[in-house]
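> Sequence first, predicted coordinates after that:
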Amino acid sequence: MRAITRRPVKTDGLDPNALEVWIRQDNNRQAAIKCKILIALCNGNSMTEVCKMFNVTREGVRRWRNLVVSKGPQELVRHCYKGRKSKLSPSLAKELKRILAKPPHRIGYKNPKWNGKLLVSYLKKEHNIKISIRTAQLWIKMIKNQ
């Protein structure tokens with residue numbers, strides 16, 4: 001059986017950060033993307049696929065669905081919830097990917113493998129960043145899946 005090979009998609013000249021900034025400039029654009037997310041769910045896509053594709057949380061999608069059901073899609077524009085800016089910068093993510101690839105005992109910790117509690121103490125000690133254990137667990141999962 002032959003493996004199907006496809007040409008790589010041309011992304012020259014595209015800046016995803018600039019596109020994100022452009023989307024954030026207008027609440028209507030953000031609301032339209034939220035509607036597209038809800039439409040994708042209505043078309044039979046799984047919540048996991050949709051959340052991964054659009055980089056959103058299940059809780060956010062649940063809130064948007066409840067808001068549209070109770071008050072209509074126009075409420076997505078009025079209720080633009082903004083969360084906190086993540087402390088996980090691209091440079092920190094790159095460093096953590098390198099650190100998490102090694103066992104913790106290589107950098108002086110006694111644990112046999114990385115967990116949320118250990119990452120919290122590492123970030124506090126090395127970068128003076130304070131996050132919750134659950135956030136650290138999510139970061140570990142996200143970084144290992146990159």
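Arrived safely, thanks for sending.
> Quick one: neighbours of the residue nearest to Leu123 when sequence neighbours are not counted, just the number.
Nearest-residue entry for Leu123: Ile129, 4.4 Å, with adjacent residues in sequence omitted and distances by CB to CB, 6 or more residues apart in numbering. For every residue, glycine as well, the C-beta is placed using N, CA and C. Per other CB atoms under 10 Å, the neighbour tally for Ile129 reads 15.
> Can you give me the distance of Ile129 to Lys10?
Distance, Ile129 to Lys10, by CB to CB, to the nearest Å: 37 Å.
> what does Met53 give?
20 Å.
> Lys97 versus the residue nearest the centre of the chain, what's the distance?
Centroid check for the chain by CA atoms, centre = their mean gives Asn55 as the closest residue, at 4.6 Å. Separation of Asn55 from Lys97 (CB to CB): 17 Å.
> before we move on, which element is the residue nearest to Leu123 in?
For Ile129, there is no helix or strand it lies in under DSSP states H and E.
> What of Val56?
Using DSSP H and E, Val56 is not contained in any helix or strand.
> Which residues are in contact with it?
With contacts defined as CB atoms under 8 Å, 6 or more residues apart in numbering, Val56 is in contact with Ile37, Val50.
> what pLDDT does it get?
On the pLDDT scale, Val56 is placed at 88.
> swap in Leu92?
92.
> quick one, phi/psi of it?
phi -70, psi -40 (degrees, to the nearest 10).
> Can you tell me how far it is from Val61?
27 Å.
> okay, these two: which has more neighbours?
Shown here are Leu92 and Val61; by other CB under 10 Å, Val61 has more neighbours (19 against 16).
> which residue packs closest to that one, ignoring adjacent ones?
In this structure, Val61 finds its nearest non-sequential neighbour in Ile37, 6.1 Å apart by CB to CB, 6+ apart.
> Cool, thanks, talk later.
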